[in-house]
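**Student:** give the three-dimensional model of this entry:
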Amino acid sequence: MENYTSDSSDSDNTIKTLDFSYLSLDSNVVDEHLNAVKNPDNVETILLHQNRLIYTPASVTRFTNLNVLDVSNCGLVELPDLLGDCPLTSLIAKNNSLCNESLPKSFDSFPTLRELNLSGNRLNDFPEQVLELTGLRYLYLGGNTITRITQDIWKLQRLQILSMGGNRLTEVPSTLGQLITLQALILCDNMLESLPRSIANLKNLKSLLLHKNRLKTLPTEIITLSCLTELSLRDNPLVVRFVSDMTLDPPSLLELAARVIKINDIQYDETDLPRNLNEYLNSGHCCVNPKCKGVFFNNRIEHIKFVDFCGKYRVPLLQYLCSSKCIDLRSNEDKIDRNGIMMQKVLLG
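**Tutor:** Predicted coordinates:
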């Protein structure tokens, strides 16, 4: 990344990034530097974090191709409407003194914005005008004092990351389950006691951080989230209940018969059985216990096995077994972890 100083030269023609970060400059000095840039149309990124900016310099609007603006840790008390004159895709204004009244009354003039970071400010309500950013991919509102997530959160249909940890949330609206492109949901360090069942609709969710809440239960449907690789639950009172609530449905006669065929290695081909039975037999999964030759199809035991993870956390691995008797995996935990065979990691702390 190129650094730009107040010295002007012919190199201005190629500068795409202006970096004035960590210089403790005030608004007037930054304004002078920005006005001194000879070719503002070339600039795509301006980094102003860790300065002493009471306000955002109006000279920012000179940069007609500005995509990224970082004004974090500057003591800002306002984000002006004039920022909408720049084609911003990323606006990072974390760790300032912004309240709800400090934000633009409308985000209509920010049609290209894809990332908005307002973490670590003084917001006490979810900023409703953010819902106008229908192309938003990443929204960071952690470290504020927000008490509720708007019911209209579903309007952000392209959202991939929603970070609202470190607020004062007591509930999550069921409409959040309509954000089907969501990949990471950060709700840690709040006051949540439960989650809506609609969370199970987030089929692309990879990371769900819920530590430091008051959760007493989780919707059992959460197990159906096949993409989920990180579920953080530490500092919640729910873990024992979560494990005990995982019930087993007995296998069907079809599954029992299919198991006999696979376990005994009975040969079959497309001419022996109807097509649907062939497909069913070919869909079998081997038990993760290497001491067992068991096979399961639709039915399985969902077992939580506690192991040590890097010496820092207690991590239960969600293991899919063919039988409730098949739980002695202590000598093979490392092998299972390396192969990544049908498991979920639940961070308990």
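
**Student:** any idea how far residue 87 is from residue 58?
**Tutor:** 17 Å (C-beta to C-beta, to the nearest Å). (C-beta placed from N, C-alpha, C; glycine too.)

**Student:** low-confidence stretches in this structure?
**Tutor:** In the predicted model of the chain, residues 1-13, 239-249, 301-320, 324-325, 327-349 satisfy pLDDT under 70.

**Student:** let me see the domain layout of it.
**Tutor:** Residue ranges for the domains of the chain, per automatic domain parsing: 10-244, 253-305+322-342.

**Student:** so which helix or strand takes in residue 190?
**Tutor:** Element membership for residue 190 (DSSP states H and E) is empty, with no helix or strand holding it.

**Student:** mind checking the SS state of residue 177?
**Tutor:** Of the three states, residue 177 takes helix according to DSSP: H, G, I helix; E, B strand; the rest coil.

**Student:** do residue 260 as well
**Tutor:** Quick answer, by three-state DSSP: residue 260 is helix.

**Student:** who's in contact with it?
**Tutor:** Each residue near residue 260 by C-beta atoms under 8 Å, 6 or more residues apart in numbering is listed here: residue 266.

**Student:** swap in residue 153?
**Tutor:** 126, 131, 162, 173, 175, 176, 179.

**Student:** separation between the fifth one and residue 196?
**Tutor:** Applying C-beta to C-beta, one obtains 9 Å for the distance of residue 175 from residue 196.

**Student:** which one of the domains of the chain is the most hemmed in?
**Tutor:** domain 10-244 (a mean of 18; mean count of other C-beta atoms under 10 Å).

**Student:** now the helices for this structure?
**Tutor:** Applying DSSP state H to the chain gives helices spanning 27-35, 239-244, 253-263, 275-281, 333-339.

**Student:** quickly note the distance from residue 190 to residue 323.
**Tutor:** 39 Å.

**Student:** ok, residue 218 next?
**Tutor:** Distance from residue 218 to residue 323, by C-beta to C-beta: 25 Å.

**Student:** swap in residue 205?
**Tutor:** Distance from residue 205 to residue 323, by C-beta to C-beta: 30 Å.

**Student:** residue contacts, residue 194?
**Tutor:** Counting by C-beta under 8 Å, 6+ apart, residue 194 touches 171, 215, 216, 217, 218.

**Student:** can you pull the phi/psi pair for it?
**Tutor:** With angles defined as degrees, to the nearest 10, residue 194 sits at phi -160, psi 170.

**Student:** from residue 152, how far out is it?
**Tutor:** For residue 194, the distance to residue 152 equals 21 Å [C-beta to C-beta].

**Student:** swap in residue 138?
**Tutor:** From residue 138 over to residue 152 the distance is 18 Å, taken as C-beta to C-beta.

**Student:** what's the answer for residue 281, then?
**Tutor:** Residue 281 is 48 Å from residue 152, by C-beta to C-beta.

**Student:** equivalent analysis for residue 255, please.
**Tutor:** Taken as C-beta to C-beta, the span from residue 255 to residue 152 is 44 Å.

**Student:** equivalent analysis for residue 163, please.
**Tutor:** Taking C-beta to C-beta, one finds residue 163 at 18 Å from residue 152.

**Student:** residues in contact with stretch 276-284?
**Tutor:** For stretch 276-284, the surrounding residues in contact (C-beta under 8 Å, 6+ apart) are 254, 258, 259, 261, 262, 268, 269, 270, 273, 295, 296, 297.

**Student:** rerun at 7 Å
**Tutor:** Here stretch 276-284 makes contact (C-beta atoms under 7 Å, 6 or more residues apart in numbering) with 258, 261, 262, 268, 270, 295, 297.
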